[in-house]
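Novice: what shape does this take:
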Amino acid sequence: MNQEEAAVDPLGLGCGYVAIVHFVRANGLDIAYERVGDGPPLVFVHGAAEDGRLWQPQLAALSDEFTVVAWDEPGAGRSSDVPANFGLAGYANCLAALIAALAPGPAHVAGLSWGGTVVQELYRHHPELVATLILADTYAGWKGSLPAQEVRARVAGARQMLAAPAEKFDPTLPGLFAGEPPAQFVSLLEQIAAAVRPDSLRTQLLVMAEADQRDLLPRITVPTLLIWGELDARSPLTVARQFEQAIPDTKLVVIPACGHVSNLEQPEQFNEAVRAFCRAHPPR
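Specialist: Numbers count the residues shown, from 1 in each chain. So this is what the prediction gives:
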């Protein structure tokens, strides 16, 4: 298993960490993930047009108590390209292989936006790997959470973006923050956007548009934390309320004056909610 180390200081405050990059082989793909800290495993799953670098504030802040892991999903970061006809179960099975490689026993598993959809599908196919779910600003698939007209509009916008010439390709989705992106993360966001692979994003968005996980939600039996930005324009609070009503054992934390990418816009409040929840529900 190849490894590489890199010193990371996500907030520019001299409080960084040494990220160790691991690779696990899953369904013929090389899946990269950063791992730092020691304690119960806490796995973070990023959204569309992103990679594991999105979770730098969580890796830095939570590794004092948890083994914090952030993957690059298939088609992102340092992981292999997405194969043809790759589906939602494919993402979930690759994530399962990563978690199984970490340690015996289940993990806390957190997903933001599209990452939350992947995490739900992980629970559908591999519930034994999940101690708790943390769903942040997410969807039960676009089809499962949004009005049909909104889904059509998003698909049309995605097609227009993907049809743009390479020099004009911009994978930045609108409405990610309540205001301007936090200044300390602008450079990071630009680096992540520059690394997006159009073919992978095309596959991902098509899967997202067709996904409908409403049937799964009432069958989730593990403790589930919902973290939502109060001003999330992409997955509004009405979606959070749908999750809250459908999943039997849930807690909803709403972060004031915060948009869709809540882990970057208000990292301290996000981290506090995750830490308190995971402490209250240690893995068996």
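
Novice: and the host helix or strand of V109, what does it pack onto?
Specialist: Here V109 is covered by strand 107-112, with elements defined by DSSP states H and E. Helices and strands touching strand 107-112, by 3 or more Cβ pairs under 8 Å, 6 or more residues apart in numbering; DSSP states H and E, are strand 41-45, helix 88-102, helix 114-125, strand 130-136. Every residue, glycine included, has its C-beta placed from N, CA and C.

Novice: dump the C-alpha coordinates for it into CSV.
Specialist: Output for strand 107-112, consisting of C-alpha atoms alone and laid out as CSV, is shown next (Å, rounded to 0.1, in the frame of the first residue of the first chain):
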residue,chain,number,x,y,z
ALA,A,107,-17.4,3.7,11.9
HIS,A,108,-19.0,7.1,12.3
VAL,A,109,-19.7,8.0,8.6
ALA,A,110,-20.4,11.6,7.5
GLY,A,111,-21.4,12.9,4.1
LEU,A,112,-21.9,16.4,2.8
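
Novice: now it: buried residues?
Specialist: Neighbour-count burial for strand 107-112, counted by 16 or more other Cβ atoms under 10 Å, picks out A107, H108, V109, A110, G111, L112.

Novice: so the third one sits right up against P127, yeah?
Specialist: Meaning V109. No - taking Cβ atoms under 8 Å as the contact criterion, V109 and P127 are not neighbours in contact, 10.7 Å apart.

Novice: leaving out the residues flanking it, which one is nearest to Q213?
Specialist: Computed as Cβ to Cβ, 6 or more residues apart in numbering, the closest residue to Q213 that is not its neighbour in sequence is A140, at 4.0 Å.

Novice: shouldn't that neighbour be within a helix?
Specialist: No - secondary structure of A140, determined by DSSP: H, G, I helix; E, B strand; the rest coil: coil, with no helix assignment.

Novice: that one: neighbouring residues, count only.
Specialist: Residues near A140, counting by other Cβ atoms under 10 Å, number 24.

Novice: could you do E128 as well?
Specialist: Quick note: E128 (other Cβ under 10 Å) scores 11 neighbours.

Novice: ramachandran coordinates for the closest residue to it other than its chain neighbours?
Specialist: Spatially, and ignoring its direct neighbours in sequence, E128 is nearest to P106 (6.5 Å; Cβ to Cβ, 6+ apart). As for P106, its main-chain torsions (degrees, to the nearest 10) stand at phi -80, psi 170.

Novice: give me the distance between P106 and L133.
Specialist: According to Cβ to Cβ, to the nearest Å, P106 stands 11 Å off from L133.

Novice: and for Q242?
Specialist: Q242 is 15 Å from L133, where distance means Cβ to Cβ.

Novice: quick check: longest strand in the chain by residues?
Specialist: For the chain, the longest strand by residue count, based on DSSP state E, is strand 17-26.

Novice: could you point out which element follows that strand?
Specialist: Past strand 17-26, heading to the C-terminal end, the next element that is a helix or strand (DSSP H and E) is strand 29-36.
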